[in-house]
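*Asks:* one predicted model, sequence on top.
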Amino acid sequence: MPERCDSAPVEKLDAEALRRSLEQYEGSCEGSFVRIRGVKALARDFGISEREAMCALVDAGLWPERFRRSRSVLSAEGLKRLLRARVFIAGCGGLGGHAAALLARSGVGSFVLCDPDVFDESNLNRQMFCTEAVLGRSKAETAREALLAVASHLHIETHVLAVDEENLPALLAGCTAVVDGLDSLPKKIMLENAAAQAGLPFVHGSVNREEGFAFIEAAGGRRLAAMWPEAGNGAEQGDSSFTEAPDTVASSAAGVACLMASLLVKALAYGEVRDSALLHLDYSVPELERFEF
């Protein structure tokens with residue numbers, strides 16, 4: 001069952017009250033950085049979620065220890081935007097799995113994970129959450145467990161099902177952005193259309209052998225449909241070049257996922273999504289190219 005999302009912003013808490021509360025818990029902070037036990041204690045003391053406890057700390061000039069190394073990169077407002085974001089990820093394999101892990105470590109506080117598949121041995125060469133111990137297990141549920149092991153404050157909703165035109169509107173409700181980790185062009189275009197209809201920014205990624213593409217587009221964009229108008233016809237005619245998942249390797253999946261996560265973190269942290277260039281990553285060289293639309 002989906003968990004209740006309790007990350008609604010709360011009124012700004014008094015900085016001195018926060019500091020007094022932390023003093024009760026020895027070793028909960030070091031200077032202006034608060035450790036996990038301190039965050040959990042504050043959430044309990046004030047009756048709020050751990051994500052909102054982190055936001056309250058940032059308002060008081062205290063940062064969660066887990067984001068110490070991010071402080072020179074993210075503003076306080078940027079971190080709060082990330083903690084309050086709710087990101088939909090379609091596909092928890094090569095692209096989606098790596099992207100989810102990077103987004104969680106970067107500060108995104110809530111996820112909706114959707115994948116109908118289980119891990120098999122062919123996933124071991126590239127998929128973030130695939131180990132020999134989880135073969136045969138749900139990708140979405142395994143991803144959830146792995147993410148919570150990294151960041152127990154996360155709110156994660158999982159759906160072990162394939163996305164389609166009928167269920168996507170409900171799945172995207174309340175989300176902040178859509179991440180494409182699907183494995184065929186017709187499915188990707190379907191997801192892009194659903195994101196456009198929901199008024200949500202869309203992050204695309206695709207890989208093939210040693211190369212891949214990534215971009216982010218603002219709400220309402222339909223770049224994939226414009227780039228691959230023949231994909232729909234190919235799907236109808238059973239063209240495997242559009243409908244079958246291509247071969248790829250670990251570096252391609254991880255590298256493109258890094259680009260996807262970086263584009264989305266920047267957009268969410270700044271509170272503004274702008275269409276990016278089409279980024280082409282080719283590990284056979286290696287090189288990164290930009291193509292302007």
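*Replies:* Structure received. Treat the numbers as computed from the prediction; the structure is a model and nothing was measured.
*Asks:* show me the contacts for residue 38.
*Replies:* Applying Cβ atoms under 8 Å, 6 or more residues apart in numbering to residue 38 gives the contacts 22, 25, 28, 29. All C-beta spots, glycine's among them, are computed from the backbone N, C-alpha and C.
*Asks:* next, give phi and psi for the closest residue to residue 192 other than its chain neighbours.
*Replies:* Spatial nearest neighbour of residue 192, chain neighbours left out: residue 224 (4.9 Å); criterion: Cβ to Cβ, 6 or more residues apart in numbering. Phi and psi for residue 224, reported as degrees, to the nearest 10, are phi -60, psi -40.
*Asks:* about what we covered before: buried subset of the contacts of residue 38?
*Replies:* For the contacts of residue 38, a neighbour count by 16 or more other Cβ atoms under 10 Å gives the buried set as 22, 25, 28, 29.
*Asks:* next SSE downstream of the one helix or strand the first one maps to?
*Replies:* Looking back up the chat, that one is residue 22. Using DSSP states H and E, the element containing residue 22 is helix 15-23. Using DSSP H and E, the helix or strand that follows helix 15-23 in sequence is strand 29-30.
*Asks:* which residues are in contact with that next one?
*Replies:* With Cβ under 8 Å, 6+ apart as the test, strand 29-30 has contacts from 22, 35, 38, 62, 65.
*Asks:* just send those residues back as a markdown table, with secondary structure and distance to residue 53 too.
*Replies:* Shown next, in a markdown table, are these (DSSP: H, G, I helix; E, B strand; the rest coil; distance: Cβ to Cβ, whole Å):
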| residue | secondary structure | distance to residue 53 |
| --- | --- | --- |
| 22 | helix | 11 |
| 35 | coil | 12 |
| 38 | helix | 9 |
| 62 | coil | 10 |
| 65 | helix | 13 |
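*Asks:* take these and write them to TSV, including distance to residue 147.
*Replies:* Compiled in TSV, the contacts of strand 29-30 are given as follows (distance: Cβ to Cβ, whole Å):
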residue	distance to residue 147
22	26
35	20
38	21
62	24
65	19
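*Asks:* and the two most separated of the contacts of residue 38?
*Replies:* Pairwise distances across the contacts of residue 38 peak at 8.3 Å for 25 and 29 (criterion: Cβ to Cβ).
*Asks:* follow-up on the earlier one: what's the closest of the contacts of residue 38 to residue 215?
*Replies:* Once Cβ to Cβ is applied, the member of the contacts of residue 38 that ends up nearest residue 215 is residue 29, at 40.2 Å.
*Asks:* what sits against the residue nearest to residue 192?
*Replies:* Applying Cβ under 8 Å, 6+ apart, the residues contacting residue 224 are 185, 188, 189, 192, 204, 231.
*Asks:* same deal with residue 27?
*Replies:* Going by Cβ under 8 Å, 6+ apart, residue 27 touches 35, 37.
*Asks:* the helix or strand harbouring residue 289 packs against which elements?
*Replies:* When elements are assigned from DSSP H and E, residue 289 belongs to strand 287-291. Other elements packing on strand 287-291 under the criterion 3 or more Cβ pairs under 8 Å, 6 or more residues apart in numbering; DSSP states H and E are strand 278-282.
*Asks:* can you give me how far the strand it packs on is from the chain middle?
*Replies:* Mean-position distance between strand 278-282 and its chain equals 20 Å (Cα atoms, centre = their mean, to the nearest Å).
*Asks:* what does it contact?
*Replies:* Contact with strand 278-282 is made by 210-215, 223, 252, 255-256, 259, 287-293, as judged by Cβ under 8 Å, 6+ apart.
*Asks:* now the spatially closest residue to residue 260 that is not a sequence neighbour: how far from residue 92?
*Replies:* Distances taken as Cβ to Cβ, 6+ apart place residue 205 nearest to residue 260, at 4.5 Å, with adjacent residues excluded. Going from residue 205 to residue 92 by Cβ to Cβ, to the nearest Å gives 13 Å.
*Asks:* again with residue 21
*Replies:* Applying Cβ to Cβ to residue 21 and residue 92 gives a distance of 37 Å.
*Asks:* before I go, just wanted to say thanks for your time.
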